[in-house]
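1. My questions concern the predicted model and sequence given below.
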Amino acid sequence: MSANSVNRRRILSLWLPRLPIDRIKRKLAQDIVSQADARDIRQVVGLPLPLAGEGWGGGLATNDALRGERAPTRIASNDAIRPPPQAGEAKKESRFPQQSTEAPSVVVAKDHNAILLHAIDEAAVRAGLSIGLPLANARAICPELTVYDADPAADLKTLNDIADWCDRFTPLVALDPPYGLFLDITGCAHLFGGERALLQIVTNALSRRGFAVSAAISGTSIAARTLTRYTSGQIVASGAEAEAVGPLPVSALGADPAVTTGLRRAGLKTIGDVASRAPHEISARFGAAFTTLLSHALGQGDAPISPRKPLPDYIVEKRFPEPVSTDTVIALTLQSLAKMLVTAMDKQGKGARQLEASFFRTDGAVRAIMVETGRPVTRPEMIDRLFRERLDALNDPLDPGFGFDLIRLAAGRTEIVVQQQRDLDTSVHDNDELSALIDRIAARIGGKRVVVHLPLESHIPERSALALPAQHHLTAASAAAWPERVAGEPPLRPLRLFDRPEPIKVPFASVPDGPPHQFTWRRAQHDVVRVEGPERIAMEWWKQDGASLTRDYFRVEDAEGQRFWIFRDGLYESELRDEQGKPVPANWYVHGLFA
């Protein structure tokens with residue numbers, strides 16, 4: 001099916017306010033599960049633990065320091081839908097009495113030479129701690145405090161892993177830093193039973209995996225994000241955003257703290273109070289950027305989200321009621337998806353140039369495998385063969401874990417197929433076979449390792465040819481014009497040219513322009529018996545800084561019949577002088593080998 005949609009825009013916003021501390025606690029819980037039976041640990045802890053082998057982010061980085069005297073023995077509260085209480089909000093009793101003895105855990109970060117609380121768990125909230133509080137004050141309030149160092153890189157990886165998992169619901173997933181996500185669910189909510197059912201599926205899955213999450217659906221991304229900061233589970237119809245966000249405090253907009261403080265001092269405490277004022281009054285005092293933000297929150301226009309991945313041209317997928325893990329079922333699924341994809345592309349006369357197969361595991365991990373083709377592919381058996389080659393060559397084999405519940409095949413880039421005469425023109429068949437061979441080799445060892453060379457207008461040997469991927473430049477390489485070899489004469493350039501010239505030791509040579517009589521290369525001595533040259537090549541002064549020297553190239557043959565292409569770097573006396581102006585010996589290099 002085509003990925004395009006014309007339905008009315010709907011945005012699902014996710015906010016994970018305790019992601020740093022949840023990530024660390026998940027890692028600790030995984031370590032406990034790996035050391036004991038998961039069933040016994042669940043009885044001791046009393047809370048759901050992440051599934052073994054789950055690949056969402058990391059845990060403790062190598063430089064993370066555990067500052068407290070005792071490690072937490074439970075993961076975050078199971079009241080994952082409710083966001084952390086805001087300033088002035090009354091504290092609520094926990095739904096889990098067994099957590100009352102849990103030691104509060106916090107994540108700290110250094111800000112302007114002060115160590116502040118960066119993230120806190122539910123126990124720390126009950127103890128009276130808040131984000132932004134200095135660590136010294138937090139220890140004074142709660143001496144039994146477990147402290148972890150912040151790791152923004154690990155947090156971002158976890159957020160990206162969750163975003164990968166969200167790709168199962170929609171291909172349009174965007175990051176909302178630092179701990180949020182936007183999902184454009186336009187036209188796809190009905191596949192999961194409606195917007196309410198989809199919201200519950202997402203939040204329940206994240207909650208079971210130990211993440212505190214708040215979610216909301218609205219017609220604009222800013223309105224949905226504003227709702228997640230103070231409520232959760234709210235679904236707002238398009239056009240009703242102003243009524244939904246009006247009672248919320250102005251801090252929910254996520255504007256600059258100075259703007260929020262200025263609004264409160266002016267007596268505008270809620271978004272509705274601000275919206276009641278004329279737009280020109282707000283712009284004159286707080287700037288046009290805040291006015292635009294406010295209008296988007298009220299549903300009066302919206303800024304587009306920036307998806308993490310470009311939208312594929314075509315997508316087909318297969319969902320399984322029960323997870324699958326056998327190679328046979330996976331191979332048959334890819335074959336059926338390839339047929340569906342080719343059928344969809346054939347209706348518009350297109351073929352795939354870039355294909356990606358995504359495997360969604362039941363524990364949240366996602367594995368994506370991509371292949372590229374030199375020409376548009378229009379046959380399902382070719383797609384199946386390319387993926388079999390790619391899967392067989394993986395250094396990290398495809399691990400189904402507890403099984404895949406979704407397999408997706410997407411054509412990221414397609415082209416219109418140009419019909420050619422294939423019955424009488426043998427060159428077309430040869431090109432097709434060569435292109436198919438290159439595609440198979442590239443699928444196994446990588447597209448960047450299969451290259452063709454194109455000539456460049458440069459007399460510098462190492463710059464006279466350009467190596468490019470064969471899949472994308474095969475046609476240009478077949479039509480390239482190279483210098484013709486003179487009949488009956490030996491080749492002017494070696495068959496093998498080194499990427500970098502290798503130094504050789506020359507005990508003596510005829511000066512100023514003579515060749516060496518003997519040289520040592522790779523600890524082997526070679527006696528020169530035949531010489532051709534020199535061929536003088538000056539560097540491109542308009543591309544150099546003046547440090548490159550003129551080269552004199554020689555084609556030499558040693559006593560054993562081996563032929564080398566060597567050069568002297570620099571002209572004697574004119575370019576090779578020391579600081580006192582005296583001539584110095586030249587450096588010699590071997591640049592290639594003749595057949």
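-> Yep, it's here. Numbering: from 1, shown residues only.
2. pLDDT weak spots in this protein?
-> 1-7, 33-101, 419-431, 543-547, 573 (pLDDT under 70).
3. Which residue is most remote from the mean position of it?
-> Ser510 (57.3 Å; CA atoms, centre = their mean).
4. how near is Val486 to Phe567?
-> 21 Å (CB to CB, to the nearest Å). C-betas here are computed from N, CA, C, even on glycine.
5. and if you look at Thr203?
-> Following CB to CB, the distance that separates Thr203 from Phe567 is 69 Å.
6. quick one: which of these two has more around it?
-> Neighbour comparison, Thr203 and Phe567: the larger count goes to Phe567, with 25 against 19 (by other CB atoms under 10 Å).
7. who's Thr146 bridged to?
-> As for beta bridges, Thr146 partners with Ser105 under DSSP bridges.
8. Counting neighbours, what do you get for it?
-> Using other CB under 10 Å: Thr146 sits among 23 other residues.
9. wait, doesn't it sit right on Val107?
-> No - look at Thr146 against Val107 with CB atoms under 8 Å: they stay out of range, at 10.0 Å.
10. For the stretch 251-400 of the chain, which segments count as helices?
-> Residue ranges of the helices in the stretch 251-400 of the chain, as given by DSSP state H, counting those that start in this stretch, are 257-265, 271-275, 279-286, 288-297, 327-346, 380-392.
11. Adding mean neighbour count and distance to Thr220, write the ones you listed out as CSV.
-> Below are the helices of the stretch 251-400 of the chain laid out as CSV (neighbours: other CB atoms under 10 Å; distance: least, CB to CB, whole Å):
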stretch, mean neighbour count, distance to Thr220
helix 257-265, 14, 20
helix 271-275, 20, 13
helix 279-286, 14, 17
helix 288-297, 19, 6
helix 327-346, 17, 31
helix 380-392, 18, 39
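12. Adding distance to Val452, write the ones you listed out as a markdown table.
-> Formatted as a markdown table, the helices of the stretch 251-400 of the chain follow (distance: least, CB to CB, whole Å):
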| stretch | distance to Val452 |
| --- | --- |
| helix 257-265 | 57 |
| helix 271-275 | 60 |
| helix 279-286 | 58 |
| helix 288-297 | 50 |
| helix 327-346 | 27 |
| helix 380-392 | 20 |
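13. Quick one: closest of those helices to Leu133.
-> helix 257-265 (15.9 Å; CB to CB).
14. relative to helix 279-286, how tilted is the closest one?
-> 120 degrees (axes from the mean of the first three to the mean of the last three CA atoms, to 10 degrees).
15. and helix 257-265, what other elements does it pack with?
-> Packing partners of helix 257-265 (3 or more CB pairs under 8 Å, 6 or more residues apart in numbering; DSSP states H and E): helix 279-286.
16. How far off centre is the helix it packs on?
-> Mean-position distance between helix 279-286 and its chain equals 40 Å (CA atoms, centre = their mean, to the nearest Å).
17. Report the angle between it and helix 288-297.
-> 130 degrees.
18. what residues does helix 279-286 touch?
-> Helix 279-286 is contacted by residues 259, 262-263, 266, 274, 290-291, 294-295 when judged by CB atoms under 8 Å, 6 or more residues apart in numbering.
19. chain center to stretch 265-278: distance?
-> Relative to the chain's own centre, stretch 265-278 is displaced by 41 Å; criterion: CA atoms, centre = their mean.
20. correction: stretch 254-274
-> Relative to its chain's centre, stretch 254-274 lies at 37 Å (CA atoms, centre = their mean).
21. for stretch 405-415, same thing?
-> 17 Å.
22. Could I have the CA atoms of it written out in CSV?
-> Presented in CSV, the C-alpha positions along stretch 405-415 are these (Å, rounded to 0.1, in the frame of the first residue of the first chain):
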residue,chain,number,x,y,z
ASP,A,405,5.0,-10.1,16.2
LEU,A,406,5.4,-7.8,13.2
ILE,A,407,7.5,-8.0,10.0
ARG,A,408,7.5,-5.0,7.7
LEU,A,409,9.0,-4.5,4.2
ALA,A,410,9.3,-1.0,2.9
ALA,A,411,10.5,0.5,-0.4
GLY,A,412,12.4,3.6,0.7
ARG,A,413,13.3,4.8,-2.8
THR,A,414,11.6,3.8,-6.1
GLU,A,415,12.0,4.8,-9.7
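23. No more questions from me, cheers.
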